[in-house]
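A.B. asks: any chance you can model this:
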Amino acid sequence: MWWPSKTLIFSGIFLAYIFHSIYSIVDLFIPPTCNDPVCLNSFLSMKPKLQLLLCTTTVQKLEYYTQLELISTWSPLDYNEVTVKNVTVPIPPSTRRNGTLYLHAFVTEVPRTTTADWKQTLQQQSTMSTSVPLSLYLVPEAQTFNLLNDEKSNKDTTVKPMKDESRKPVTHLTKNLRLTMLTDLLAFPRKELPQDLFHLLRIIRSDTYLPPLRFDAFSSRLKDFYRLNKTEREITLELEFSPESIGKLRLGAQLEGAMETMKAFGFSAKDLDEVKAIFADTNMYLLGLTMFVASVHLLFDFLAFKNDIRYWKQRKTTVGLSTRTILWRCFSQIVIFLYLLEEKSSLLIIGPSGIGVLIEIWKVTKAFKIKVEFSRGIPRLNFGVFSESEKATAVHDGESMRYLSYLLYPLLLAGAVYSLLYTPHKSWYQWTLTSVVNGVYVFGFLFMLPQLFVNYRLKSVAHLPWRAFMYKASNTFIDDLFAFIITMPTAHRMACFRDDIVFLIYLYQRWLYPVDKTRLDAGGEFEVDISGDDVLKTATPTKMNAETKKKRLQVAGGML
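C.D. replies: Have a look, this model is predicted:
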């Protein structure tokens, strides 16, 4: 009787959860219907004449209207159309001294008389209000300078390296904001109002609610903030007023709540900003596709890690594998991990990269048979002895690396020298790390070629774990999709497409060198002579005698 594997059950549950999550997001865009005799109707259904008042203050919690300073009035306000205006915001002295600044928006009915005080207008029952901080405490980015001509640059008062005392958080102000208001004339049931809408709507009468007014938190990114100059007396803020649908309102409110939870768990402002980048100005269909594809990518990553670890755990020899490629993979993973730390990338990216580093280091210890032995309490590394078959594979591996070195080393050296002469950097460490990372991204595919060369020399691909390989190859094509959707450096985008070329060559070699299924059992073991000479022969169907079958050699490959 056939029973599904644990991996299949886990994958099915995971995909079911993803589809349920996507359906939950779609359900947010379906407003509840009201079949009761008395429903809650929008205040905008009365077609009132409204105006927008913008005020600033330096206090976080507003207690009196006298704490506000009126800076702009939009009257009348066409709330069904998108309106963009430049607003001049005066900077108080306390804000220039590394203080805070808040913006309050009020939507009220247009007063009947032009002499009405704006503070009295705010006290109307139908007034809608919201606020947002215009300032944010951020650590200034480290400035770059030419490493060879730093002294000359300092004399010319050009870009200088940042001092330690200037690495403290200082006031940054945003350049643009988006103000949204629910303009759909929807009727909601009073008794069955969804919980998320209950916290957003303000009921002013038994049958009337005020449409929510809010600043879009996803429209203001960290790149829109700039460091406040102490001599600035005012700034120009680009403010956009936009009508909002019920679906975007509910989705935005839930995402803001999720981001507050992430902030409580210790996620930095940069981590939250990268989450904003996913949802800001994104088409809902594209958002759903991105969520599904990213989830499948995560699932394949897990399955690839699982099969990779399983295969290497059973592995005893490196016959048919390029040990130099194993070292390169480990080295490149460590370099990329250090680069992500230097750039202060998101924990969502650093975490999987760190796990990958640990796995690659473990694979190196397996490939080179490294064991830690303690002699009188002192740890020592013990390297195992390679068999004749493994040494034969190393000969082909060394031959391929010799050919690649003629092309690789001059290119890496030229790129590092060019970067040193013409590109400013924060430090020598940053220049070294950037040069190596560029080499990993641009020329990294060259280090995938030794394995192809070994396959060609051995006329065999039976030593490769194709299950883990197919998971990684599927992720490669998923990365191609993200290369068109997500903004990324050109070198990283090219790195996505370079893997496709190597994958297609691997597939061609698998077709060219068919695996001898009579010598490969379900456990990944090859029944070959103990000397390993059969591994070096063509993987064509052969019939083994009874004496050879008595000796077995574990030859489980690992996809690199």
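A.B. asks: got the residue ranges for the helices in the stretch 251-400 of the chain?
C.D. replies: 269-279, 284-314, 323-342, 347-367, 388-422 (DSSP state H, counting those that start in this stretch).
A.B. asks: out of these, which comes closest to I9?
C.D. replies: Nearest to I9 among the helices of the stretch 251-400 of the chain is helix 284-314 (12.8 Å), distances taken as C-beta to C-beta. For every residue, glycine as well, the C-beta is placed using N, CA and C.
A.B. asks: for the closest one, list every residue counted as buried.
C.D. replies: 288, 290, 295-297, 299-301, 303-305, 307-308, 310-312 (16 or more other C-beta atoms under 10 Å).
A.B. asks: of these, closest to T95?
C.D. replies: The closest of those, once distances to T95 are taken by C-beta to C-beta, is T290, at 38.0 Å.
A.B. asks: which residue sits closest to N41, ignoring its sequence neighbours?
C.D. replies: Once flanking residues are discounted, N41 sits nearest to A187: 5.3 Å by C-beta to C-beta, 6 or more residues apart in numbering.
A.B. asks: show me what contacts that neighbour?
C.D. replies: Counting by C-beta atoms under 8 Å, 6 or more residues apart in numbering, A187 touches 33-34, 39-42.
A.B. asks: if you rank the residues you listed by neighbours, which is first?
C.D. replies: L40 (20 neighbours; other C-beta atoms under 10 Å).
A.B. asks: how about low-confidence regions in the stretch 201-350 of the chain?
C.D. replies: 280-284, 320, 343-349 (pLDDT under 70).
A.B. asks: now the contacts of A187 in CSV, with secondary structure and pLDDT?
C.D. replies: Below are these laid out as CSV (DSSP: H, G, I helix; E, B strand; the rest coil; pLDDT from 0 to 100):
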residue, secondary structure, pLDDT
T33, coil, 84
C34, coil, 84
C39, coil, 87
L40, strand, 89
N41, strand, 90
S42, strand, 90
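A.B. asks: closest one of those to L358?
C.D. replies: Distance to L358 across those (C-beta to C-beta) is lowest for T33, with 53.1 Å.
A.B. asks: could you give the mean pLDDT of the helix or strand hosting Y506?
C.D. replies: For Y506, the host element (DSSP states H and E) is helix 490-512. For helix 490-512, mean pLDDT is 70.
A.B. asks: what do you get for stretch 94-103?
C.D. replies: For stretch 94-103, mean pLDDT rounds to 90.
A.B. asks: and if you look at stretch 64-78?
C.D. replies: Regarding stretch 64-78, the rounded mean pLDDT is 89.
A.B. asks: helix/strand/coil for the closest residue to S419 other than its chain neighbours?
C.D. replies: Nearest residue to S419, sequence neighbours excluded (C-beta to C-beta, 6+ apart): S435, at 5.7 Å. Per DSSP: H, G, I helix; E, B strand; the rest coil, the secondary structure class of S435 is helix.
A.B. asks: tell me how many other residues crowd S435.
C.D. replies: 20.
A.B. asks: which residues touch it?
C.D. replies: Here S435 is in contact with 412, 415-416, 419-420 (C-beta under 8 Å, 6+ apart).
A.B. asks: nearest to D78 among the residues you listed?
C.D. replies: S419 (52.2 Å).
A.B. asks: for K316, see how far away that closest one is.
C.D. replies: Taking C-beta to C-beta, to the nearest Å as the measure, S419 falls 43 Å from K316.
A.B. asks: just want to know which of the two has more residues nearby.
C.D. replies: It is S419, of S419 and K316, that has more neighbours when counted by other C-beta under 10 Å, with 17 against 13.
A.B. asks: measure the more buried one to E342 for me?
C.D. replies: Separation of S419 from E342 (C-beta to C-beta) stands at 15 Å.
A.B. asks: same question for S129.
C.D. replies: Distance, S129 to E342, by C-beta to C-beta: 43 Å.
A.B. asks: tell me the buried residues in the longest strand along the chain?
C.D. replies: As assigned by DSSP state E, the longest strand anywhere in the chain is strand 234-244. Buried residues in strand 234-244, counted by 16+ other C-beta under 10 Å: 235, 237, 239, 241-244.
A.B. asks: now those as CSV including distance to F106?
C.D. replies: Supplementary listing: the buried residues of strand 234-244 in CSV, determined by distance: C-beta to C-beta, whole Å:
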residue, distance to F106
I235, 21
L237, 16
L239, 14
F241, 13
S242, 17
P243, 18
E244, 17
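A.B. asks: from those, pick the one nearest I203.
C.D. replies: Using C-beta to C-beta, E244 comes nearest to I203 of these, at 19.2 Å.
A.B. asks: could you list the low-pLDDT ranges of the stretch 351-500 of the chain?
C.D. replies: When residues are selected by pLDDT under 70, those of the stretch 351-500 of the chain lie in 393, 396-397, 400-401, 441-451, 453, 462-499.
A.B. asks: gap between the closest residue to Y456 other than its chain neighbours and R329?
C.D. replies: Spatial nearest neighbour of Y456, chain neighbours left out: Q509 (7.3 Å); criterion: C-beta to C-beta, 6+ apart. With distances taken as C-beta to C-beta, Q509 is found 19 Å from R329.
A.B. asks: which of those two has more neighbours?
C.D. replies: R329 (20 against 17).
A.B. asks: T58 is nearest to which of the helices of the stretch 251-400 of the chain?
C.D. replies: Nearest to T58, of the helices of the stretch 251-400 of the chain and by C-beta to C-beta, is helix 269-279 at 21.0 Å.
A.B. asks: centre of the chain to that closest one, how far?
C.D. replies: Centroid separation for helix 269-279 versus its chain: 9 Å, with C-alpha atoms, centre = their mean, to the nearest Å.
A.B. asks: now swap in stretch 422-433 and tell me
C.D. replies: With C-alpha atoms, centre = their mean, you get 24 Å for stretch 422-433.
A.B. asks: buried set for that stretch?
C.D. replies: 424-426, 430-431, 433.
A.B. asks: same question for stretch 372-386.
C.D. replies: By 16+ other C-beta under 10 Å, the buried positions in stretch 372-386 come out as F386.
A.B. asks: ok, the buried residues of stretch 422-433 vs L213, which is closest?
C.D. replies: For the buried residues of stretch 422-433, the nearest to L213 is K426 (42.6 Å; C-beta to C-beta).
A.B. asks: now do the closest one against D271, distance only.
C.D. replies: Distance, K426 to D271, using C-beta to C-beta: 21 Å.
A.B. asks: now do G12
C.D. replies: For G12 relative to D271 (C-beta to C-beta), the value is 31 Å.
A.B. asks: can you check A105 too?
C.D. replies: 28 Å.
A.B. asks: looking at those two, which is more packed in?
C.D. replies: A105 (23 against 20).
A.B. asks: can you list phi and psi of that one for me?
C.D. replies: Per-residue torsions, A105: phi -120, psi 130 (degrees, to the nearest 10).
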